[in-house]
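K.L.:
Here you go, sequence then predicted model.
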Amino acid sequence: MKAKRYILGAMLCAAMASCTVKEDRGPCPCVLEIFLGDGSDQYTGKLSLSGWDTGGGRLFLDRIEPQQHGASYSRKVEKGFLWVCAYAGNGSMSLKGDKLVIPEGKECDAVWAYCGGTVDATGESAEEHVVMHKQYATVHVRLDTPSPGTDNVVLRAKGTSNGFDISTLAPSHGNFHCFAALDEEMHFVFRVPRQHDDSLELEIFLDGVLSRTVPAGELIANSGYSWEQDDLEDIYLSLSLFTSARSTVSVSGWDTEAHEITL
């Protein structure tokens, strides 16, 4: 008889300690299913997933291995309202607080990110679908020079946007500068993050001496380019600085120049 009473008492304690249908289930967590979506071939490395409460506090920050890209990811969260963000493709960029920052002297990584709307996680389960978007623009610069080659020309980009807040994707404020590389067609190329203003500049050096500073941000803005689009388009600048001092700007290739200006 004592053994039966002991067993019944243990079962009652276990039932009281767990979540049952009859009791208030408020303290029990919500199971959040996050569908990572397609397009993982657009970025490399680990996918960083973060959750945020309505006050802007970080609830979690998880790293998802590349082999899980395109699948789904499940985790328990406290019941309430939240939103989910994600980023991937960062190499030299590092997390400082809640901001993914580009080191000075480096170009922007080929980084993709997502920031969703409010998720109702007040029930037993909830889900979110992550769709990643391109957070960088590759700038291509075709430069007319007084000589056939570009051996004596160096191009440096400077700006005041050095990354983004991982909870909102808003551009972060900070010094940005990098030297452009030359592609196979001898055009200068570099990557910039989403901009918060039109302060981006190009410094052009000839034989080690600063020859001209080009207000690239203003040229880009005057062309109608928007830094608020979900997926940033690449930018093509054609600068004739040493002849007629004219410039053209395009966002889809050299043959569709959208804007021309005299410098």
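P.N.:
Structure's in. What do you need?

K.L.:
correct me, but residue 54 touches residue 82?
P.N.:
Yes - using C-beta atoms under 8 Å, residue 54 is in contact with residue 82, at 7.3 Å. Glycine gets a C-beta too; all of them are placed from N, C-alpha and C.

K.L.:
Identify the contacts common to those two.
P.N.:
Taking C-beta atoms under 8 Å, 6 or more residues apart in numbering as the contact rule, residue 54 and residue 82 both touch residue 118.

K.L.:
Neighbour count for the two, which is higher?
P.N.:
residue 82 (23 against 10; other C-beta atoms under 10 Å).

K.L.:
buried set for the helix or strand where that one lies?
P.N.:
In the assignment (DSSP states H and E), residue 82 maps to strand 80-88. The neighbour-count check on strand 80-88 (16 or more other C-beta atoms under 10 Å) flags 82-88 as buried.

K.L.:
Next, the distance between the ends of stretch 184-201.
P.N.:
Distance between the boundary residues of stretch 184-201 (C-alpha to C-alpha, to the nearest Å) amounts to 24 Å.

K.L.:
can you check stretch 37-45 too?
P.N.:
End-to-end distance for stretch 37-45: 16 Å, by C-alpha to C-alpha.

K.L.:
do stretch 77-94 as well
P.N.:
First-to-last distance for stretch 77-94 - C-alpha to C-alpha - comes to 26 Å.

K.L.:
all numbers from here: first residue = 46
P.N.:
Happy to do that; since the first residue is 46 now, the last one works out to stretch 122-139.

K.L.:
low-scoring stretches of the stretch 46-195 of the chain, by residue?
P.N.:
Applying pLDDT under 70 to the stretch 46-195 of the chain flags the ranges 46-71, 83-86, 190-195.

K.L.:
Sheet partners, orientation included, of the helix or strand hosting residue 199?
P.N.:
Using DSSP H and E, residue 199 sits in strand 198-210. Next to strand 198-210 in the sheet, as set by DSSP bridges, lie strand 144-146 (antiparallel), strand 216-224 (antiparallel), strand 246-251 (antiparallel).

K.L.:
And the next helix-or-strand element following the last one, what does it pack against?
P.N.:
Read that as strand 246-251. Sequence-wise, the next helix or strand downstream of strand 246-251 (DSSP H and E) is strand 254-259. Helices and strands touching strand 254-259, by 3 or more C-beta pairs under 8 Å, 6 or more residues apart in numbering; DSSP states H and E, are strand 246-251.

K.L.:
which parts of the strand it packs on are buried?
P.N.:
Buried, per 16+ other C-beta under 10 Å, within strand 246-251: 246-249, 251.

K.L.:
In terms of distance to residue 139, which of these ranks first?
P.N.:
residue 246 (24.6 Å; C-beta to C-beta).

K.L.:
so where do the strands sit in the stretch 96-245 of the chain?
P.N.:
Shown for the stretch 96-245 of the chain, the strands assigned by DSSP state E, counting those that start in this stretch span residues 103-109, 117-122, 125-133, 139-141, 144-146, 157-160, 164-166, 170-174, 178-179, 181-188, 198-210, 216-224, 226-227, 233-238.

K.L.:
Out of those, which gets nearest to residue 76?
P.N.:
strand 170-174 (4.6 Å).
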